[in-house]
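*Asks:* next comes the sequence, and after it the predicted model I'd like to discuss.
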Amino acid sequence: MRIYHLRNVTMVIETERKVLLVDPMLGDKGTLPPFAFIRSKPRKNPTVSLPEGSKALLDSVTHAIITHRHPDHLDGAGIAFLKEKEIPVLCSVHDKEILHKQGLAIHKTFDYWEQKEFSGGYITGIPATHGYGFVTKFMGDVMGFLLELPGEPSIYLSSDTIFTNGVNQVLTEYGPDVSVVACGSAQFDIFRPLLMNMDEIIQFVRQSPGKVIANHLEAINHCPTTRKQLRNMLEEEKLQDKVFIPNDGESIELL
């Protein structure tokens, strides 16, 4: 298995049988409005371009996984790409109707803790809670995914979530070989944070039985945490060797 980090949370998981595109935000730099104006500098999103070589990589995609419909995970360009290529989509059962109306080819839908066969293995839908407190009501449903495919490391896509009992259950009971966590500390101008704070990120890393991949960094204006800040914190906790913090366009081979 090789994982290519494109930008923000958009990644490509290349397995022996399938090539999975996760949360395609594929628009040009600056094509989305700022998501915060006071707490963060009001820069248009995405704040960076897709890395070189993205198009060739995207041409190899066989399926797409969508964790939720926020524009920093699925934008207009991502929808257009999936429609044009007629890419089969795996998503939450709660997103099925809207994504279908947008013209996407829904292949499989998942409810929380629902497991379905995929490519000779299994994919399970995992609960995710997008934020602390009241803001969660506005953020809607988010679906994490656990991929267990034959001959491949198991991988947990936790998506946009805080650290919950469900997250802890996946890490401790399912024991994924690789876990992906959103580390950008996203927050609007009002409400509490939308993602795990640093203490919970450290907890996530400690609880993870295998390698951790950190994403949701340095691509969206309401995510203040930088790769350097995260790396420094992990070094203080002596966890740096456990976590891969990819630059845009970087990849990692997982055995």
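*Replies:* Structure received.
*Asks:* which of the helices and strands in the chain ranks last by mean pLDDT?
*Replies:* helix 136-139 (a mean of 88; mean pLDDT, DSSP states H and E).
*Asks:* for the helix or strand just after it, packing partners?
*Replies:* On the C-terminal side of helix 136-139, the closest following helix or strand by DSSP states H and E is strand 142-148. Counting contacts by 3 or more CB pairs under 8 Å, 6 or more residues apart in numbering; DSSP states H and E, strand 142-148 is packed against strand 88-92, strand 121-128, strand 155-157. Where C-beta positions appear, they are placed from N, C-alpha and C, glycine not excepted.
*Asks:* out of those, deepest packed?
*Replies:* Highest mean neighbour count among the helices and strands packed on strand 142-148 (mean count of other CB atoms under 10 Å): strand 155-157, with a mean of 27.
*Asks:* coming back round to it: got the contact list for the least confident helix or strand of the chain?
*Replies:* Contacts to helix 136-139, defined as CB atoms under 8 Å, 6 or more residues apart in numbering, come from residues 70, 129, 130, 131, 160, 191, 194.
*Asks:* just checking, the fourth one touches residue 188?
*Replies:* No - between residue 131 and residue 188 there is no contact, the gap being 9.2 Å when judged by CB atoms under 8 Å.
*Asks:* more neighbours, those two?
*Replies:* residue 131 (22 against 19; other CB atoms under 10 Å).
*Asks:* okay if I get the helices and strands packed on strand 142-148 as TSV plus mean pLDDT?
*Replies:* Conversion of the helices and strands packed on strand 142-148 to TSV gives the following (pLDDT from 0 to 100):
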stretch	mean pLDDT
strand 88-92	98
strand 121-128	98
strand 155-157	98
